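> I'll drop the sequence and a predicted model, then ask my questions.
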There are 2 protein chains.
Amino acid sequence: MIQTAVMGYGVVGSGVVEILTEHMESIAKRTGEEIGIKYILDIRDFPGSPFTEKFTKDFEQILNDDEVKVVAEVMGGVNPAYDFTKRCLLKGKSVVTSNKELVATKGAELLEIAKNNNVNYLFEASVGGGIPIIRPMSQCLAANDVIEIAGILNGTTNFILTKMIHDHMSFEDALKLAQDNGYAERNPAADVEGLDAGRKIAILASLAYGKHIYPDYVHTQGITNITLKDVAYANLWDGVIKLIGRVKRLDDGKLDISVEPMLIKNSSQLANIDDVFNGILVIGDSTGDVVFYGKGAGKLPTASAVVADMIDCVKHIETRRYIYWEDGSKDCVKPYEETEFAVYVRAETDDKDNALGIATELFRYVQEMSVSENDNEIAFTTGIMTVAEQEKAVKALNDKGITVKSKIRIADF
Amino acid sequence: MIQTAVMGYGVVGSGVVEILTEHMESIAKRTGEEIGIKYILDIRDFPGSPFTEKFTKDFEQILNDDEVKVVAEVMGGVNPAYDFTKRCLLKGKSVVTSNKELVATKGAELLEIAKNNNVNYLFEASVGGGIPIIRPMSQCLAANDVIEIAGILNGTTNFILTKMIHDHMSFEDALKLAQDNGYAERNPAADVEGLDAGRKIAILASLAYGKHIYPDYVHTQGITNITLKDVAYANLWDGVIKLIGRVKRLDDGKLDISVEPMLIKNSSQLANIDDVFNGILVIGDSTGDVVFYGKGAGKLPTASAVVADMIDCVKHIETRRYIYWEDGSKDCVKPYEETEFAVYVRAETDDKDNALGIATELFRYVQEMSVSENDNEIAFTTGIMTVAEQEKAVKALNDKGITVKSKIRIADF
């Protein structure tokens, strides 16, 4: 039997314990080893839990027990998870985690420590919950150059947008419904402002391109400004608005990486991914488009990904997995102002015909969109322009009294 | 440098050589080892090929060269691939393959030989071409009990059905178009009769349930009898007809496994998988629904999966991967006649009202479907019945002069 410890007995941690306990027999059969849980670390008390004798509040107990070979860090947050993870790796214990914040901010350092100590640091559960994505990306697509990754990476915002698109709920009402249903995380800002998706695309980009892309390199924009009017124009354009994390290597070798709302055509494989589901499109030079779809969060899906990593560590207790990236710098990333794409623009005006004429002059290309009931408003799509050019044109429109209310990127997939 | 051999220089084999050559540097970086191609085995001559000095017609040369550690078998067919694979494994060489026929018919035996010789037998490319599915199933879903697998596993038939559904082409015209476009394999029967999909679902079932399910255990039915009338009724029912390979473990522990055309609702995640694309739905008890989507065939997608397996062997040259199943027997599988599901039935009659009354009596439940222009025809859906019950009711209808033209399974996903 190989002994493990679970650090953190919250939603994911209790799911890990549940799966390891209930699937013990089948896991042992598949692994060739029984997996025991020797400790569960949590500062809280859980009176009446069937695992009473496993609980500890003392991290040092886990650290100094040489019998413990694999540790699941499912505490979340950077501190103290960072310190605990580092010390476990240095002690020769493999660590698996669902902690996207820690992987996104300290991944390169922790992977280096794992490598030097001949142990594993695995994080399948950090992106896409129960959807296998980290391992397929690192193994199955190993023979590909990854051209582009685009994903719906946050279930909460996808639920909100789905309610706006299909039920015509306002952003506020949809957010409230998400909170009532328990889909919003502790701090809804991390979801609706795009930070959560930003960490996830940073992890996927680091894995695909081999250099650590820190979340603060990623232009991140949430969905708080999306209105039902924008949703209606997108529908008119035969598409939907989704919060997309996306990265693509440009011809100059730099990465165009962002999290932002995008208009995507209904024919896109990501357009029909609704509610709390996640979907990730990976375009490889050999495979072409590959899409992974499933529940991106939730107790058991996420916990099952953590347990799969634990099983992998146990099976390869003497072997290092080759999930690795080097440290990176902001030079890897194209400044957002210099990135190029088409946009949808909506603006308020008293004189539509005149305003459209002005917009046609200021923007590279204009395709008018119209919703009959909005008489004091214009909406149009542009051709490909740099963000700097877009901003200049927006400013010029505003200066002429044509007030830009929305500018949303148009996806290229 | 680790030396390899490629056996078979057809579509996939030439793709493997192309990817290994063109991506040599990035693969070496990711793997920590250069991968060399020492031999290419083919009975044909390839004058002018840049790989002239690597070609050999003598398998023994590869077998007896201890420098060759990994062999890609991309010849297809059972003979001589079976003999060659067995002898390579016995000699301590890992073998990777895209040969679904060989894996489906000899997998358990070859996996056993690989295990006993401490080498790997990997076959990611055998199902879903460039879509990662074998490895995610065996690793990422390791913490799950797989409840059900349902997939569009054959691109040729999916292309034909897509043309029938969206362009109202007849089966014959769509097949011809598929052949003209090079989508049909050497023998179109293997595709349109469902044999290819049958091998693939047999492999997935073996992997998920740990026992070898041989293709002849799988009830296999192709799409040659699907008509545009059936496609129209499916559309009326708000669905489409797809060729689905499906396996589910029943309460009695037996597997309900088949390849057959099914009516699936448009809201299903598999309904919008069109053209030559494949999609595989895996339902795990912890993850819920996970879908993998991409190009299921083609030179580079399939070759990239073969190369990914070669990389995996090279990285873990001393380690066995735990992809394994035991031999199985027909007892694992529920006889098709005893399996239960709802069906759509179409029948010709001179007296529609009377015929519907009779159908209502004979079948467990009837929901009428109607297309106005078909006056001498009834169509309806039933409730869940065993296949034996369905057949009995069909025979009784026929006996009363109501000639059943189509009976198609209704999917439960």
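Perfect, I can see it now.
> torsion angles phi and psi at A:G328?
Here is the backbone geometry of A:G328 (degrees, to the nearest 10): phi -130, psi 180.
> what comes up buried for stretch A:111-122?
Taking 16 or more other Cβ atoms under 10 Å in any protein chain shown as the neighbour-count basis, stretch A:111-122 is seen to contain the buried residues A:111-115, A:117, A:119-122. Every C-beta, even on glycine, is put in place using the N, C-alpha and C of the backbone.
> could you do stretch A:44-56 as well?
Per 16+ other Cβ under 10 Å, stretch A:44-56 contains these buried residues: A:54, A:56.
> for that stretch, measure first residue to last.
The straight-line separation of the ends of stretch A:44-56 (Cα to Cα, to the nearest Å) is 9 Å.
> now it: average pLDDT?
Taken as a whole, stretch A:44-56 has a mean pLDDT of 95.
> ok, then the element right after the one helix or strand in chain A whose mean pLDDT sits lowest?
Within chain A, confidence by mean pLDDT, DSSP states H and E is lowest for helix A:24-31 among all helices and strands, at a mean of 85. Toward the C-terminus, helix A:24-31 is succeeded by strand A:35-41 as the next helix or strand (DSSP states H and E).
> tell me which helix or strand comes right after that following strand.
Downstream of strand A:35-41, the next assigned helix or strand under DSSP H and E is strand A:55-56.
> can you give me how far that following strand is from the chain middle?
32 Å (Cα atoms, centre = their mean, to the nearest Å).
> quick check, A:K86 in a helix?
Yes: read with DSSP: H, G, I helix; E, B strand; the rest coil, A:K86 is one of the residues of a helix.
> and it, what's its pLDDT?
pLDDT, A:K86: 98.
> let me see the contact set for it.
Neighbouring residues of A:K86 by Cβ atoms under 8 Å, 6 or more residues apart in numbering or on different chains: A:109-110, A:113.
> closest to chain B among these?
Checking those against chain B by Cβ to the nearest Cβ gives A:I113 as the nearest, at 18.0 Å.
> packing partners of the helix or strand hosting the closest one?
The secondary structure element spanning A:I113 is helix A:100-116 (assigned by DSSP H and E). Counting contacts by 3 or more Cβ pairs under 8 Å, 6 or more residues apart in numbering or on different chains; DSSP states H and E, the secondary-structure elements packed against helix A:100-116 are helix A:81-90, strand A:94-97, strand A:121-122, helix A:195-209.
> can I get the CA coordinates of it in PDB?
As requested, the backbone C-alpha atoms of helix A:100-116 are provided in PDB (Å, rounded to 0.1, in the frame of the first residue of the first chain):
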ATOM      1  CA  LYS A 100      -4.900  26.900 -10.500                       C
ATOM      2  CA  GLU A 101      -3.800  30.000  -8.700                       C
ATOM      3  CA  LEU A 102      -0.700  28.400  -7.400                       C
ATOM      4  CA  VAL A 103       0.200  26.600 -10.700                       C
ATOM      5  CA  ALA A 104      -0.400  29.800 -12.600                       C
ATOM      6  CA  THR A 105       1.800  32.000 -10.400                       C
ATOM      7  CA  LYS A 106       4.500  29.500  -9.200                       C
ATOM      8  CA  GLY A 107       4.400  26.600 -11.700                       C
ATOM      9  CA  ALA A 108       7.800  27.000 -13.200                       C
ATOM     10  CA  GLU A 109       9.500  27.200  -9.800                       C
ATOM     11  CA  LEU A 110       7.600  24.200  -8.400                       C
ATOM     12  CA  LEU A 111       8.100  22.100 -11.600                       C
ATOM     13  CA  GLU A 112      11.900  22.800 -11.400                       C
ATOM     14  CA  ILE A 113      12.000  21.700  -7.700                       C
ATOM     15  CA  ALA A 114      10.000  18.600  -8.600                       C
ATOM     16  CA  LYS A 115      12.500  17.800 -11.400                       C
ATOM     17  CA  ASN A 116      15.500  18.300  -9.200                       C
END
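> near chain B, which residues of the stretch 51-200 of chain A show up?
Residues of the stretch 51-200 of chain A lying close to chain B (Cβ under 8 Å from any Cβ of the partner chain) are A:124, A:130-132, A:135-136, A:139-145.
> is the closest residue to A:S98 other than its chain neighbours in a helix, a strand, or coil?
With sequence-adjacent residues excluded and distances taken as Cβ to Cβ, 6 or more residues apart in numbering or on different chains, A:S98 is closest to A:A125, at 3.6 Å. Classification of A:A125 using three-state DSSP returns helix.
> ok, A:A125 touching A:V12?
Yes: with contacts defined as Cβ atoms under 8 Å, A:A125 counts as touching A:V12 at a distance of 7.3 Å.
> who has more neighbours out of the two?
More neighbours surround A:A125 than the other of A:A125 and A:V12, with 32 against 28 (other Cβ atoms under 10 Å in any protein chain shown).
> what are the neighbouring residues in contact with that one?
The contact partners of A:A125, taken as Cβ under 8 Å, 6+ apart, are A:12, A:96-98, A:302-303, A:305-306, A:309.
> if we go to 10 Å?
Applying Cβ atoms under 10 Å, 6 or more residues apart in numbering or on different chains to A:A125 gives the contacts A:12, A:15-16, A:72, A:74, A:96-100, A:103, A:131, A:134, A:297, A:301-309, B:140.
> what about these, which are in helices?
Assigned to helices by DSSP state H, the following of the contacts of A:A125 qualify: A:12, A:15-16, A:100, A:103, A:134, A:301-309.
> and the residues you listed, which is closest to B:F363?
Lowest distance from B:F363 to the ones in helices among the contacts of A:A125 (Cβ to Cβ) belongs to A:P301, with 38.8 Å.
> got the buried residues for stretch A:330-346?
When burial is assessed from 16+ other Cβ under 10 Å, stretch A:330-346 yields the following buried residues: A:332-334, A:336, A:339-346.
> hmm, it touching chain B?
No: under the criterion of Cβ under 10 Å from any Cβ of the partner chain, stretch A:330-346 makes no contact with chain B; the nearest approach is 16.0 Å.
> and that stretch, end to end?
Chord length of stretch A:330-346, first to last residue, is 32 Å (Cα to Cα).
> now stretch A:270-277
Between the start and the finish of stretch A:270-277 there is a gap of 11 Å, counting by Cα to Cα.
> same question for stretch A:207-224.
With Cα to Cα as the measure, what separates the two termini of stretch A:207-224 is 29 Å.
> got the buried residues of stretch A:111-122 as a markdown table, with distance to A:E22 and pLDDT columns?
Formatted as a markdown table, the entries for the buried residues of stretch A:111-122 read as follows, by distance: Cβ to Cβ, whole Å; pLDDT from 0 to 100:
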| residue | distance to A:E22 | pLDDT |
| --- | --- | --- |
| A:L111 | 31 | 96 |
| A:E112 | 36 | 96 |
| A:I113 | 33 | 97 |
| A:A114 | 29 | 96 |
| A:K115 | 34 | 93 |
| A:N117 | 32 | 95 |
| A:V119 | 27 | 94 |
| A:N120 | 24 | 94 |
| A:Y121 | 26 | 96 |
| A:L122 | 22 | 96 |
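> format these as a markdown table; extra columns: distance to B:K200.
Below are the buried residues of stretch A:111-122 laid out as a markdown table (distance: Cβ to Cβ, whole Å):
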| residue | distance to B:K200 |
| --- | --- |
| A:L111 | 36 |
| A:E112 | 40 |
| A:I113 | 41 |
| A:A114 | 36 |
| A:K115 | 37 |
| A:N117 | 41 |
| A:V119 | 37 |
| A:N120 | 32 |
| A:Y121 | 34 |
| A:L122 | 29 |
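> no further queries at this time; thank you.
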